[in-house]
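In: Output the structure for:
(chains A and B)
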2 protein chains.
Amino acid sequence: MLLREGYSNLGIQRLLDETGIPKGSFYHHFHDKADFALAVIDAYVADVHMVLDQCVFMTAMPPLERVRHFFALVEESYKADGYLGCLMGALGQELSGVSEVFREKIEGCFSSVADRLEVCFEEARGRGEIRDGLSARQLAELMVDCWEGAALRSRLRKNPESLDAMVNFFIRSVS
Amino acid sequence: MLLREGYSNLGIQRLLDETGIPKGSFYHHFHDKADFALAVIDAYVADVHMVLDQCVFMTAMPPLERVRHFFALVEESYKADGYLGCLMGALGQELSGVSEVFREKIEGCFSSVADRLEVCFEEARGRGEIRDGLSARQLAELMVDCWEGAALRSRLRKNPESLDAMVNFFIRSVS
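Out: Okay, here's the model as predicted:
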């Protein structure tokens, strides 16, 4: 609901109605909507990290193929949501102009995804599979950023074309 | 205010208070907040088109340099706003899950920016300055998407590093 409807637009009462959660239970776990949304971001990012960690350590697969595989799995999850894009991108856009807490939280999420991609780019460079002169860190940050733009476009178009185009372009460009 | 605070979070009364516009004047021009926000998007995109059209037809400059120049000018405008990123990206993320009107409007804006970039990429290809096998249209769409991701990151980090990195990477990759 946060991803589809946005943060400010989502009323707690409607959330409780749709999920059948008593108000008391909600406020037992969360101080307020911000506290709830931060917990949702933590859970979302934990899922991303789990998938990414599985991909990063698939050492039988060449490192750039692991990167490609990770984004293919993320694309599958976007498809399952009906192409709504990325929760971090959506809440990052909506809230970072008005909340330092969300701004720093979401920046930290992107940075932590780049940490893991960096491992693959570093390994690819060691194997001579990167021709681009940028550091593994720079490539990882760039790929996160380009993916987020493609994710926004997939939300606007309700299809995966922008995601596929971006990953193909990026991997081809660096290798 | 729409770019900084978001759509749902922005109350009409606060908008009127901050701008000193009487309520009657607002409702004389706009039916409601959605009508207002759509007019803001139109004005924003008209500015982008004006800058872009000036760049596209700077025919004394090589076409890829015109693309680079355009994004440098957009980056200047982001700097003037205090690095809040792109209004189309912000409202596209916030609203496209709940409003077909905004979704289609903003998708059309991105597509119209790609139309103009495509002219430069086509000309660059004709001059043998593109090594990438993608069509001028595909490159234009890709660059819009990657820019939007970099714009989100500039909003999260309050600095232009992601914008510069993306444009440098993209131009170097295609040429």
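In: CA only for contacts and neighbour counts going forward, please
Out: Will do.
In: which residues touch whichever residue of chain A sits closest to chain B?
Out: Chain A approaches chain B most closely through residue A:149 (3.6 Å), counting by Cα to the nearest Cα. Residues in contact with residue A:149 (Cα atoms under 8 Å, 6 or more residues apart in numbering or on different chains) are B:145-150, B:152.
In: what about it, which SS state?
Out: helix (DSSP: H, G, I helix; E, B strand; the rest coil).
In: nearest residue to it other than its sequence neighbours?
Out: residue B:149 (3.6 Å; Cα to Cα, 6 or more residues apart in numbering or on different chains).
In: Ok, residue A:154 next?
Out: With Cα to Cα, 6+ apart, the residue lying closest to residue A:154 is residue A:160, at 5.5 Å.
In: Now render the contacts of residue A:149 as CSV, adding pLDDT.
Out: Output for the contacts of residue A:149, formatted as CSV (pLDDT from 0 to 100):
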residue, pLDDT
B:145, 98
B:146, 98
B:147, 98
B:148, 98
B:149, 98
B:150, 98
B:152, 98
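In: residue with max distance from the center of chain A?
Out: Largest separation from the mean C-alpha position in chain A: residue A:24, at 31.0 Å (Cα atoms, centre = their mean).
In: In which helix or strand does that residue reside?
Out: Following DSSP states H and E, one finds residue A:24 within helix A:23-29.
In: Which strands or helices does the helix or strand just after that helix pack on?
Out: Following helix A:23-29 in sequence order, the next helix or strand is helix A:33-56 (DSSP H and E). Judged by 3 or more Cα pairs under 8 Å, 6 or more residues apart in numbering or on different chains; DSSP states H and E, the packing partners of helix A:33-56 are helix A:63-81, helix A:87-95, helix A:100-126.
In: Single out the most deeply packed of the ones you listed.
Out: helix A:87-95 (a mean of 26; mean count of other Cα atoms under 10 Å in any protein chain shown).
In: Give me the residues contacting that helix.
Out: By Cα under 8 Å, 6+ apart, helix A:87-95 touches A:2-3, A:6-7, A:41, A:44, A:102-103, A:106, A:109, A:148, A:152, B:5-6, B:89-91, B:93-94, B:152, B:155-156.
In: now it, how far from the chain's geometric center?
Out: 10 Å (Cα atoms, centre = their mean, to the nearest Å).
In: tell me the mean pLDDT for it?
Out: The average pLDDT for helix A:87-95 rounds to 98.
In: If you compare the directions of it and helix A:100-126, what angle comes out?
Out: Helix A:87-95 and helix A:100-126 are oriented at 140 degrees to each other (axes from the mean of the first three to the mean of the last three Cα atoms, to 10 degrees).
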